[in-house]
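In: generate a structure from the sequence data that follows.
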Amino acid sequence: MQPVHTAWLVFLIPLLIVHAVWLWSTGLGVIDQCLPYWSGCVSISKAARSSDALFLFRAGTILNAALLIHFWLLVRQWLALYQVRTLALPILGIIAALFLVLYANFLGTQGEFYQLLRRYGVTIYFAFTVLAQMLLVRQILHLRLKVGAHLVQIKLWLCVWLLALGIISVLCNALLEGDTKDRWENIIEWHFALGMNSYFLLIALLWKKLGFHTRAAQNHNQ
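Out: Model prediction:
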(Lines give C-alpha, C1' and ligand atoms only; values in the text may rest on other atoms or scores of the structure.)
Protein backbone atom coordinates (compact mmCIF):
# COMPACT_ATOMS: atom_id res chain seq x y z
CA MET A 1 0.00 0.00 0.00
CA GLN A 2 1.39 3.37 -1.02
CA PRO A 3 1.67 6.22 1.53
CA VAL A 4 -1.03 8.27 -0.20
CA HIS A 5 -3.48 5.37 0.13
CA THR A 6 -2.70 4.98 3.83
CA ALA A 7 -3.28 8.70 4.45
CA TRP A 8 -6.58 8.52 2.58
CA LEU A 9 -7.71 5.55 4.64
CA VAL A 10 -6.93 7.14 8.02
CA PHE A 11 -9.04 10.06 6.85
CA LEU A 12 -11.95 8.11 5.38
CA ILE A 13 -12.35 5.23 7.85
CA PRO A 14 -13.12 7.29 10.99
CA LEU A 15 -15.18 9.75 8.95
CA LEU A 16 -17.39 6.98 7.58
CA ILE A 17 -17.53 4.91 10.78
CA VAL A 18 -18.49 7.79 13.07
CA HIS A 19 -21.30 8.97 10.82
CA ALA A 20 -22.45 5.41 10.10
CA VAL A 21 -22.92 4.57 13.79
CA TRP A 22 -24.67 7.91 14.36
CA LEU A 23 -27.14 7.17 11.53
CA TRP A 24 -27.53 3.56 12.70
CA SER A 25 -28.44 4.52 16.27
CA THR A 26 -30.63 7.38 15.06
CA GLY A 27 -32.48 5.05 12.71
CA LEU A 28 -33.22 2.66 15.59
CA GLY A 29 -34.55 5.54 17.66
CA VAL A 30 -32.14 4.97 20.56
CA ILE A 31 -30.69 8.48 20.28
CA ASP A 32 -32.33 11.79 19.43
CA GLN A 33 -32.74 12.78 15.81
CA CYS A 34 -30.63 15.87 15.32
CA LEU A 35 -27.49 17.25 13.73
CA PRO A 36 -24.88 16.81 16.49
CA TYR A 37 -22.47 19.32 14.92
CA TRP A 38 -24.94 22.09 15.76
CA SER A 39 -27.23 20.85 18.52
CA GLY A 40 -24.79 18.69 20.50
CA CYS A 41 -27.60 16.26 21.29
CA VAL A 42 -25.29 13.24 21.44
CA SER A 43 -21.59 12.48 21.79
CA ILE A 44 -19.69 10.24 19.38
CA SER A 45 -19.26 7.65 22.13
CA LYS A 46 -22.98 7.57 22.95
CA ALA A 47 -23.93 7.29 19.29
CA ALA A 48 -21.64 4.26 19.00
CA ARG A 49 -22.50 2.44 22.23
CA SER A 50 -26.28 2.92 22.11
CA SER A 51 -26.92 0.07 19.64
CA ASP A 52 -25.29 -2.83 17.82
CA ALA A 53 -23.45 -0.15 15.86
CA LEU A 54 -20.90 -0.54 18.64
CA PHE A 55 -19.44 -3.63 16.93
CA LEU A 56 -18.99 -1.73 13.67
CA PHE A 57 -17.38 1.13 15.59
CA ARG A 58 -14.96 -1.17 17.40
CA ALA A 59 -13.91 -3.02 14.25
CA GLY A 60 -13.44 0.16 12.23
CA THR A 61 -11.62 1.95 15.03
CA ILE A 62 -9.15 -0.90 15.63
CA LEU A 63 -8.45 -1.11 11.89
CA ASN A 64 -7.89 2.63 11.80
CA ALA A 65 -5.52 2.42 14.79
CA ALA A 66 -3.38 -0.13 12.94
CA LEU A 67 -3.29 2.12 9.87
CA LEU A 68 -2.40 5.12 12.05
CA ILE A 69 0.66 3.30 13.36
CA HIS A 70 1.70 2.59 9.77
CA PHE A 71 0.97 6.21 8.82
CA TRP A 72 3.26 7.69 11.48
CA LEU A 73 6.06 5.35 10.49
CA LEU A 74 5.61 6.55 6.91
CA VAL A 75 5.84 10.14 8.15
CA ARG A 76 9.21 9.33 9.67
CA GLN A 77 10.38 7.80 6.36
CA TRP A 78 9.11 10.80 4.41
CA LEU A 79 10.89 13.33 6.63
CA ALA A 80 14.07 11.28 6.33
CA LEU A 81 14.02 12.00 2.57
CA TYR A 82 14.66 15.65 3.55
CA GLN A 83 17.36 14.72 6.07
CA VAL A 84 15.00 15.31 8.99
CA ARG A 85 15.41 12.78 11.79
CA THR A 86 12.65 12.61 14.35
CA LEU A 87 11.66 9.98 16.90
CA ALA A 88 9.30 11.88 19.19
CA LEU A 89 6.79 12.63 16.43
CA PRO A 90 6.04 9.02 15.37
CA ILE A 91 6.15 7.84 18.99
CA LEU A 92 3.42 10.34 19.90
CA GLY A 93 1.30 9.18 16.98
CA ILE A 94 1.78 5.49 17.79
CA ILE A 95 0.95 6.00 21.48
CA ALA A 96 -2.21 7.84 20.41
CA ALA A 97 -3.20 4.91 18.17
CA LEU A 98 -2.68 2.40 20.99
CA PHE A 99 -4.89 4.43 23.33
CA LEU A 100 -7.51 4.56 20.58
CA VAL A 101 -7.60 0.74 20.73
CA LEU A 102 -7.98 0.93 24.52
CA TYR A 103 -10.90 3.30 24.14
CA ALA A 104 -12.64 1.19 21.48
CA ASN A 105 -12.22 -2.07 23.40
CA PHE A 106 -13.82 -0.73 26.59
CA LEU A 107 -16.52 1.40 24.98
CA GLY A 108 -19.90 0.07 26.04
CA THR A 109 -18.61 -1.79 29.12
CA GLN A 110 -20.01 -1.09 32.57
CA GLY A 111 -18.21 0.01 35.74
CA GLU A 112 -16.26 3.04 36.93
CA PHE A 113 -12.88 1.44 36.19
CA TYR A 114 -13.79 0.76 32.55
CA GLN A 115 -15.25 4.25 32.25
CA LEU A 116 -11.93 5.65 33.48
CA LEU A 117 -10.04 3.58 30.89
CA ARG A 118 -12.33 4.86 28.13
CA ARG A 119 -11.91 8.45 29.25
CA TYR A 120 -8.12 8.22 29.40
CA GLY A 121 -8.06 6.33 26.12
CA VAL A 122 -9.99 8.90 24.10
CA THR A 123 -8.34 11.89 25.83
CA ILE A 124 -4.80 10.70 25.13
CA TYR A 125 -5.76 9.68 21.60
CA PHE A 126 -7.05 13.15 20.77
CA ALA A 127 -4.29 15.03 22.61
CA PHE A 128 -1.32 13.03 21.33
CA THR A 129 -2.62 12.86 17.76
CA VAL A 130 -3.09 16.63 17.55
CA LEU A 131 0.28 17.21 19.20
CA ALA A 132 1.93 14.95 16.61
CA GLN A 133 0.07 16.80 13.85
CA MET A 134 1.30 20.14 15.15
CA LEU A 135 4.88 18.90 15.34
CA LEU A 136 4.60 17.61 11.78
CA VAL A 137 3.37 21.00 10.55
CA ARG A 138 6.34 22.60 12.29
CA GLN A 139 8.74 20.23 10.53
CA ILE A 140 7.06 20.80 7.16
CA LEU A 141 7.26 24.59 7.54
CA HIS A 142 11.01 24.27 8.06
CA LEU A 143 11.27 22.37 4.76
CA ARG A 144 9.95 25.41 2.87
CA LEU A 145 8.32 23.26 0.22
CA LYS A 146 7.58 24.90 -3.13
CA VAL A 147 5.06 22.24 -4.14
CA GLY A 148 1.89 22.08 -2.08
CA ALA A 149 2.69 25.20 -0.05
CA HIS A 150 -1.00 26.12 0.09
CA LEU A 151 -1.78 22.73 1.65
CA VAL A 152 0.81 23.39 4.34
CA GLN A 153 -0.83 26.73 5.14
CA ILE A 154 -4.24 25.06 5.39
CA LYS A 155 -2.76 22.48 7.79
CA LEU A 156 -1.31 25.30 9.88
CA TRP A 157 -4.70 27.04 10.15
CA LEU A 158 -6.36 23.71 10.88
CA CYS A 159 -4.01 23.19 13.82
CA VAL A 160 -4.84 26.69 15.07
CA TRP A 161 -8.54 25.80 14.84
CA LEU A 162 -8.01 22.58 16.81
CA LEU A 163 -6.05 24.47 19.46
CA ALA A 164 -8.88 27.02 19.71
CA LEU A 165 -11.43 24.21 20.13
CA GLY A 166 -9.29 22.74 22.91
CA ILE A 167 -9.24 26.09 24.73
CA ILE A 168 -13.00 26.50 24.30
CA SER A 169 -13.50 23.01 25.72
CA VAL A 170 -11.52 23.91 28.84
CA LEU A 171 -13.59 27.10 29.26
CA CYS A 172 -16.83 25.14 28.86
CA ASN A 173 -15.76 22.73 31.60
CA ALA A 174 -14.94 25.63 33.90
CA LEU A 175 -17.88 27.92 33.22
CA LEU A 176 -20.86 25.78 32.20
CA GLU A 177 -22.92 23.23 34.06
CA GLY A 178 -25.53 20.56 33.46
CA ASP A 179 -27.16 20.00 30.07
CA THR A 180 -25.67 23.16 28.56
CA LYS A 181 -22.16 21.96 29.39
CA ASP A 182 -22.83 18.50 27.91
CA ARG A 183 -24.23 19.92 24.69
CA TRP A 184 -21.30 22.27 24.13
CA GLU A 185 -18.83 19.49 24.89
CA ASN A 186 -20.56 17.31 22.30
CA ILE A 187 -20.51 20.06 19.68
CA ILE A 188 -16.79 20.63 20.27
CA GLU A 189 -16.09 16.89 20.15
CA TRP A 190 -17.75 16.45 16.74
CA HIS A 191 -15.96 19.44 15.23
CA PHE A 192 -12.65 18.48 16.83
CA ALA A 193 -12.83 14.93 15.45
CA LEU A 194 -13.73 16.21 11.98
CA GLY A 195 -10.87 18.71 11.98
CA MET A 196 -8.36 16.18 13.26
CA ASN A 197 -9.35 13.66 10.59
CA SER A 198 -9.25 16.30 7.85
CA TYR A 199 -5.57 16.79 8.61
CA PHE A 200 -4.84 13.35 7.14
CA LEU A 201 -6.66 14.29 3.94
CA LEU A 202 -4.33 17.28 3.57
CA ILE A 203 -1.32 15.00 4.09
CA ALA A 204 -2.64 12.64 1.41
CA LEU A 205 -2.99 15.52 -1.05
CA LEU A 206 0.48 16.84 -0.19
CA TRP A 207 2.13 13.44 -0.60
CA LYS A 208 0.42 12.99 -3.95
CA LYS A 209 1.68 16.35 -5.19
CA LEU A 210 5.20 15.55 -3.99
CA GLY A 211 5.11 12.05 -5.48
CA PHE A 212 6.00 10.32 -2.21
CA HIS A 213 5.86 6.55 -2.54
CA THR A 214 7.25 3.54 -0.72
CA ARG A 215 9.94 2.84 -3.31
CA ALA A 216 11.43 6.31 -2.84
CA ALA A 217 11.73 5.74 0.91
CA GLN A 218 13.26 2.30 0.41
CA ASN A 219 15.84 3.60 -2.07
CA HIS A 220 16.75 6.39 0.35
CA ASN A 221 17.26 3.92 3.20
CA GLN A 222 19.52 1.80 1.04
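
In: distance of residue 7 relative to residue 37?
Out: Separation of residue 7 from residue 37 (Cβ to Cβ, to the nearest Å): 24 Å. Heads up, the C-betas are built off the backbone N, CA and C, glycines and all.

In: quick one: which of the two has more around it?
Out: Between residue 7 and residue 37, counted using other Cβ atoms under 10 Å, the more crowded position is residue 7 (25 against 12).

In: just checking, the more buried one touches residue 204?
Out: Yes - using Cβ atoms under 8 Å, residue 7 is in contact with residue 204, at 3.6 Å.

In: okay, now the unreliable bits of this protein?
Out: Along the chain, the model assigns pLDDT under 70 to residues 214-222.

In: all strands for the protein, in order.
Out: Counting by DSSP state E, no segments of the chain form strands.

In: helices of that one, start to end?
Out: Ranges of helices in the chain, per DSSP state H, are 3-28, 36-39, 44-49, 53-80, 88-106, 112-143, 149-175, 178-210, 214-221.

In: which of those is buried the deepest?
Out: Highest mean neighbour count of the helices of the chain: helix 44-49, a mean of 22 (counted as mean count of other Cβ atoms under 10 Å).

In: show me what it is packed against.
Out: helix 3-28, helix 53-80, helix 178-210 (3 or more Cβ pairs under 8 Å, 6 or more residues apart in numbering; DSSP states H and E).

In: redo those helices as a markdown table? Include distance to residue 135.
Out: Converted to a markdown table, the helices and strands packed on helix 44-49 look like this (distance: least, Cβ to Cβ, whole Å):
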| stretch | distance to residue 135 |
| --- | --- |
| helix 3-28 | 17 |
| helix 53-80 | 10 |
| helix 178-210 | 12 |
